[in-house]
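S.K.: Sequence and predicted structure, then a few things I'm wondering about:
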Amino acid sequence: MNRAGDVDGARRRSGRIGDGDGSERPIIEIRGVTKRFAAGDPAVDSVDLEIPEGELFALLGPSGCGKTTLLRMLAGFETPTSGEIRLDGSDVAGVPPNRRPVNMVFQSYAVFPHMSVFDNVAYGLKVTGVPTPERRARVLEALGLVRLDGLEARRPDQLSGGQRQRVALARALVKRPRVLLLDEPLSALDAKLREAMRIELVNLQDTIGITFIFVTHDQDEALSMADRIAVMEHGRVRQVADPATLYEYPSCRFVADFIGKMNLFEATVRACRAGELELDVPGLGALRIPHGEPAHGNIGIAVRPEKIRLNESRPDAPFAFEATVEDFAYYGSETHLYLVTAEGMRFAATIRNTARSPARIERGTRRFVSWTPSDTLVLAE
């Protein structure tokens, strides 16, 4: 599954059974929202976001960046210190969680251990007085959506971790929210199940068509699932874009370093001509790279490890640097190499293991490092 290049994919899907009307108006508008818990830096700092109906949207960032606090303000469990949150066109200031058109799936799932699967999913409908026949029909529909048909009588301790997560999803979906909020929904699962559940969540969202907003610190999770991603740092949103744009065109050093792996270097602009920068990179020398925007003074440049090419002899390339392999790590499908030049510049490179007998590389091996100039990122911030 690869949705990375489809910026508007969420608004072009069809065949849904959700409540969306197909318009492109934002179902969520966050305007200048700040949240302070005590003196000091705010947990969320002047955030502005618009999320269209039907989008699968990710809030991504390291621990403590404010993403869960922002999600809890959407749910109504926290109140903004300042700013405005609008859901489906209405300001929700003062609206309690149970009156908002949203539902939340917590990281711990929070299923009731003494209740059956059916009773867990039916609980919210029961306490709000939904009649028994309608309640039963809606529970069975929700269980069908998450592929738990036939497990209605089981208790949570008779289920796998993935099945318990689906119970939590069904319990949230049975109330037919306009927006589903998910806080680290896959973090409690093992690696293989987590990958399978990524696909299930995306397929579920495709089927029902409502807006999903999920919080994660896992870059792979966000890149593989989301239509768009907001990367957060210290309470602020640093960039909002589709996955491919975030990965290939990060807007700043933080995003470049946080999304995937990256080689980052300091550089000084020596000349800025039409469509090209001439740079001085300490330890590497002069580099010429294509760049359409003016740049001056000290900047950062970056290149992804998978863009780096390694040769035994000096290649016919615009620039190349001899380096020594300091270390390596074999990951099956690829090998990560860590190299250093005589001047002390360090590089990480990734080699795809396309043959059953991967290339033999040992510590101390010397290679020429190069990459295509157009693969160089310029990071002014």
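M.R.: Thanks, I have the structure now.
S.K.: use CA for all of it now, contacts and neighbours both
M.R.: Fine.
S.K.: Please, where are all the strands along the stretch 1-150 of the chain?
M.R.: Remark: strands of the stretch 1-150 of the chain, listed N- to C-terminal, are 26-35, 44-52, 56-60, 82-87, 90-91, 102-105; assignment by DSSP state E, counting those that start in this stretch.
S.K.: what does the stretch 151-300 of the chain give?
M.R.: So, for the stretch 151-300 of the chain - with DSSP E, counting those that start in this stretch - the strands run 179-183, 211-216, 228-233, 236-241, 263-273, 276-281, 285-290, 298-303.
S.K.: Just name the most buried of these.
M.R.: Mean neighbour counts were taken over the strands of the stretch 151-300 of the chain using mean count of other C-alpha atoms under 10 Å, and the top value, a mean of 26, falls to strand 228-233.
S.K.: So in that sheet, which strands flank it, and in what orientation?
M.R.: Here strand 228-233 is paired, per DSSP bridges, with strand 56-60 (parallel), strand 236-241 (antiparallel).
S.K.: Would you mind giving the orientation angle of it with respect to strand 44-52?
M.R.: Note on geometry: by axes from the mean of the first three to the mean of the last three C-alpha atoms, to 10 degrees, strand 228-233 and strand 44-52 are set 180 degrees apart in direction.
S.K.: Nearest residue to residue 77 in space, please, no chain neighbours.
M.R.: Excluding the flanking residues, the one nearest residue 77 by C-alpha to C-alpha, 6 or more residues apart in numbering is residue 97, at 6.6 Å.
S.K.: actually residue 337, sorry about that
M.R.: residue 328 (4.4 Å).
S.K.: any chance of the strands of the stretch 151-300 of the chain in a markdown table, with mean pLDDT too?
M.R.: A markdown table is the format used below for those (pLDDT from 0 to 100):
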| stretch | mean pLDDT |
| --- | --- |
| strand 179-183 | 92 |
| strand 211-216 | 94 |
| strand 228-233 | 97 |
| strand 236-241 | 96 |
| strand 263-273 | 91 |
| strand 276-281 | 91 |
| strand 285-290 | 90 |
| strand 298-303 | 92 |
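S.K.: and these as TSV, adding distance to residue 65?
M.R.: Conversion of the strands of the stretch 151-300 of the chain to TSV gives the following (distance: least, C-alpha to C-alpha, whole Å):
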stretch	distance to residue 65
strand 179-183	14
strand 211-216	11
strand 228-233	5
strand 236-241	8
strand 263-273	22
strand 276-281	32
strand 285-290	34
strand 298-303	23
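S.K.: for those strands, which one sits closest to residue 55?
M.R.: Closest approach to residue 55 among those (C-alpha to C-alpha): strand 211-216, 5.0 Å.
S.K.: just the helices in the stretch 1-150 of the chain please.
M.R.: In the stretch 1-150 of the chain, the segments counted as helices under DSSP state H, counting those that start in this stretch are 67-75, 117-127, 132-145.
S.K.: As TSV, those helices with mean pLDDT would be great.
M.R.: Listed next are the helices of the stretch 1-150 of the chain as TSV, based on pLDDT from 0 to 100:
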stretch	mean pLDDT
helix 67-75	95
helix 117-127	90
helix 132-145	91
